[in-house]
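*Asks:* Compute the structure for the input listed below.
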Amino acid sequence: MATASAIPTIPTRALSSKPSWIGRPPAPKTNSKSTATMKQSVRVAYRSQGLRPPVYIVSSLTDPQWEPTELHSTVQDNGELEFWRQFDVEEGEYQYKFRLGPGDWWTVDEGQPSGKLSSGPGSSYA
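*Replies:* Predicted structure coming up:
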């Protein structure tokens, strides 16, 4: 007489899952912050008759943002100085203004659209 023996049950999950060494490894997840972005070079310049150094830019272009950064100067053909700074930035809208000298004299770039900040003088947009 034959006796019935119990057949061991294997969980369904164990049958369907593959060991980690079988098949291709999963594609790495991309972090949107680590994605390479295209940067472009932007030159911001300021001229005013008779102006002498130092001239600073205060901007969302700088790193850290809104810290005064002294501009370079170049003598033009007419003997006047052009104050400038080059930035490598991602495409977008940036605000900036100029501080003339060590005091509290501010100006904006008259050649660019500008807007009023919540406090202080307006800013130009690049």
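
*Asks:* what's the distance between residue 75 and residue 58?
*Replies:* Applying CB to CB, to the nearest Å, the value for residue 75 to residue 58 is 24 Å. C-beta: built from backbone N, CA, C; applies to glycine.

*Asks:* Those two: which has the busier surroundings?
*Replies:* Using other CB atoms under 10 Å, the more surrounded residue of residue 75 and residue 58 is residue 58, with 19 against 9.

*Asks:* In three-state terms, label the more buried one for me.
*Replies:* strand (DSSP: H, G, I helix; E, B strand; the rest coil).

*Asks:* Who is it paired with across the strands?
*Replies:* Beta-bridge pairing of residue 58, defined through DSSP bridges, involves residue 97.

*Asks:* how much space between it and residue 90?
*Replies:* When CB to CB is the yardstick, residue 58 and residue 90 sit 20 Å from each other.

*Asks:* Please apply the same query to residue 71.
*Replies:* Applying CB to CB, the value for residue 71 to residue 90 is 22 Å.

*Asks:* Going along the chain, name the strands of this protein.
*Replies:* Remark: strands of the chain, listed N- to C-terminal, are 39-47, 55-59, 69-70, 72-75, 81-90, 95-100, 105-107, 114-115, 123-125; assignment by DSSP state E.

*Asks:* Among those strands, show the one with the smallest mean pLDDT.
*Replies:* When the strands of the chain are compared by mean pLDDT, strand 123-125 comes last with a mean of 53.

*Asks:* which parts of stretch 73-87 are buried?
*Replies:* Counting neighbours by 16 or more other CB atoms under 10 Å, one finds that the buried residues in stretch 73-87 are 73, 81, 82, 83, 84, 85, 87.
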